[in-house]
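Asks: Sequence plus predicted model, see below.
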Amino acid sequence: MAEDSSDHRVRTLGVLGGGQLGRMMGLAGIPLGLGFRFLDPGADACAGATGALEQAAFDDAVAARAMAGRVDAMTFDFENVPDSTARAVEEHCPLYPPPGALGACQDRLVEKTLMDELGVAVGGYHAVSGRTDLLEGVARLGYPAVLKTRRFGYDGKGQAVLRDAEDLERAWQRLGDAPLILEAFIPFAAECSLIGVRGADGDTRFWPLTRNVHDDGILALSRPGGFDSGLQQAAETTMRRLMDHFEYRGVMTIEFFVHGGALLVNEIAPRVHNSGHWTIDGAGCSQFENHVRAVAGLPLGATEMHSQALMFNWVGAFPDRAGILAVEGVHWHDYGKAPRPGRKIGHATVTADSRAELMARAERVARLAGGRFPGLIQQLD
């Protein structure tokens, strides 16, 4: 039987980055008939289990250009891809999401400025290129405030909370060599994220707004749903504005603070996101599958929840796998990474038919996992 002429011609995707996000793209795309190639500095990058792994530095434009010549389209699993690498890729094949979104999200000051230009609400901020700027920013925003590097910080890295002049001096000594931004401290009622996807034809879909709980700056728990329709609609409106601005294609994530009953944008990630891992087991189509569908030019899948869901992030070490898998509704995901402090090595998603059943199961998992999970999970109930 001849192949349907409407079938899209993308057969192999290249991914800049070979971490767990790339690995889960591969796991989602292989059943669709897609092949994968990953570029990563690490010879043991965990995405290599799902495709060909090519070892090279992310700023190696020659290696990126060579990979681009061997695939039909490319994407990335982290946002700190150098601009020179993105340009080298585009010489040979399409790169999605578009480099304009990639560049804007690499610099917190550029990101905040763009939000202002688009009329999107953000907390107060002040550019810091020297100690005088920092003092001016504190005078304008007041204590407490958060001093952050403009680039490369994630999972609580590259930032410090300033509560007084002593904190300011310590933070300046630690961070002052890099371009910085001072942000007002937001006494938020909740942290949440919206993950959405825009396809090649402009079709745009969203998963439910997800409540997140962090521990020491790293995501610990995520539970979708539970926010009123007004906040969901506001979050979707913000994301549509950004996607239209960038002529976007692929998955986008926006992290918000809920403050005073409204949403303030905290950060934007032009990629699949840790807080959306629950979609693998709790939604009609996961963020990973829809991302590779969008990049490959395929129709998008349904984003509605088919089960109540709650995700546990495993950081540093695994809890008792056998004990936790004995809990009904648990789905375990091991990234194939060597455990070490502060490293994301896996997650588990708990699913159930009702919110009450979900929380009962999740509280049992929290007790078995131990550590700070029994206290943290109370923030989601």
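Replies: Sure thing, it's come through.

Asks: Show me the beta-bridge partners of residue 162.
Replies: In this entry, residue 162 is beta-bridged to residue 145, by DSSP bridges.

Asks: what's near enough to touch it?
Replies: Going by Cβ atoms under 8 Å, 6 or more residues apart in numbering, residue 162 touches 138, 143, 144, 145, 146, 147, 168, 171, 182. Heads up, the C-betas are built off the backbone N, CA and C, glycines and all.

Asks: Go ahead and build a PyMOL selection from the buried members of those residues.
Replies: Selection command for PyMOL covering only the buried members of the contacts of residue 162, criterion 16 or more other Cβ atoms under 10 Å:
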select buried, resi 138+145+146+147+168+171+182
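
Asks: In a markdown table, list the contacts of residue 162 along with distance to residue 109.
Replies: Output for these, formatted as a markdown table (distance: Cβ to Cβ, whole Å):
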| residue | distance to residue 109 |
| --- | --- |
| 138 | 17 |
| 143 | 21 |
| 144 | 20 |
| 145 | 15 |
| 146 | 14 |
| 147 | 13 |
| 168 | 19 |
| 171 | 17 |
| 182 | 10 |
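
Asks: between the contacts of residue 162, which is closest to residue 350?
Replies: Among the contacts of residue 162, residue 146 lies closest to residue 350 (Cβ to Cβ), at 31.8 Å.

Asks: got the contact list for the closest one?
Replies: Residues near residue 146 by Cβ under 8 Å, 6+ apart: 159, 160, 161, 162, 182, 183, 184, 185.

Asks: And for residue 329, the neighbour number?
Replies: By the criterion of other Cβ atoms under 10 Å, residue 329 has 19 neighbours.

Asks: and it, what is it in contact with?
Replies: Taking Cβ under 8 Å, 6+ apart, we find residue 329 in contact with 307, 350, 351, 352, 357, 358, 361.

Asks: and if we set it to 10 Å?
Replies: Counting by Cβ atoms under 10 Å, 6 or more residues apart in numbering, residue 329 touches 281, 307-310, 349-353, 357-358, 361-362, 365.

Asks: if you skip the residues just before and after it, what's nearest to it?
Replies: Closest residue to residue 329 apart from its sequence neighbours, by Cβ to Cβ, 6 or more residues apart in numbering: residue 351 at 4.6 Å.

Asks: Next, find the distance separating that neighbour from residue 269.
Replies: If you measure residue 351 against residue 269 using Cβ to Cβ, to the nearest Å, the figure is 24 Å.

Asks: To what extent is residue 341 buried, counted in neighbours?
Replies: Neighbour count of residue 341, defined by other Cβ under 10 Å: 7.

Asks: ok, it - contacts?
Replies: Residues near residue 341 by Cβ under 10 Å, 6+ apart: 315, 316, 317.

Asks: Need the three-state assignment for the last one.
Replies: The three-state label given to residue 317 by DSSP: H, G, I helix; E, B strand; the rest coil is coil.

Asks: Among the contacts of residue 162, which one sits closest to residue 201?
Replies: Using Cβ to Cβ, those come closest to residue 201 at residue 146, 39.7 Å.

Asks: Now the closest one. Nearest residue, chain neighbours left out?
Replies: residue 183 (4.7 Å).

Asks: Over to that neighbour: give its phi and psi.
Replies: The phi/psi pair for residue 183 (degrees, to the nearest 10) reads phi -120, psi 140.

Asks: I'd say it and residue 125 touch.
Replies: Yes: contact status for residue 183 versus residue 125: in contact at 4.9 Å, counting by Cβ atoms under 10 Å.

Asks: Those two: which has the busier surroundings?
Replies: Neighbour count, other Cβ under 10 Å: between residue 183 and residue 125, residue 125 has more, with 23 against 20.

Asks: In the stretch 151-300 of the chain, where is pLDDT below threshold?
Replies: Residues of the stretch 151-300 of the chain meeting the criterion pLDDT under 70: 153-156.

Asks: Quick check: buried residues in the helix or strand containing residue 309?
Replies: Assigned by DSSP states H and E, residue 309 belongs to strand 308-315. Neighbour counts over strand 308-315 (16+ other Cβ under 10 Å) mark 308, 309, 310, 311, 312, 313, 314, 315 as buried.

Asks: just the contacts of residue 329 now: which is nearest residue 194?
Replies: For the contacts of residue 329, the nearest to residue 194 is residue 309 (15.6 Å; Cβ to Cβ).

Asks: ok, so what distance separates that closest one from residue 330?
Replies: For residue 309, the distance to residue 330 (Cβ to Cβ) stands at 11 Å.

Asks: where do the contact lists of the two overlap?
Replies: Residues touching both residue 309 and residue 330 (Cβ under 10 Å, 6+ apart): 281, 349, 350, 351, 362.

Asks: Okay, and which of the residues you listed map to strands?
Replies: Judged by DSSP state E, the shared contacts of residue 309 and residue 330 include 349, 350, 351 as members of strands.

Asks: Please tabulate these in TSV, including the columns distance to residue 209, neighbour count and pLDDT.
Replies: TSV is the format used below for those (distance: Cβ to Cβ, whole Å; neighbours: other Cβ atoms under 10 Å; pLDDT from 0 to 100):
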residue	distance to residue 209	neighbour count	pLDDT
349	17	22	98
350	19	30	98
351	18	21	98
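
Asks: need the residues you listed in CSV with distance to residue 51, can you?
Replies: Converted to CSV, these look like this (distance: Cβ to Cβ, whole Å):
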residue, distance to residue 51
349, 24
350, 29
351, 28
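
Asks: Could you confirm residue 244 falls within a helix?
Replies: Yes: the assignment for residue 244 is a helix, going by three-state DSSP.

Asks: Would you agree it is in contact with residue 238?
Replies: No: with contact defined as Cβ under 10 Å, residue 244 and residue 238 do not form a contacting pair (11.1 Å).

Asks: where does residue 323 land in three-state SS?
Replies: helix.

Asks: got a list of what it touches?
Replies: Residue 323 makes contact with 364, 365, 367, 368, 369 under the criterion Cβ under 10 Å, 6+ apart.
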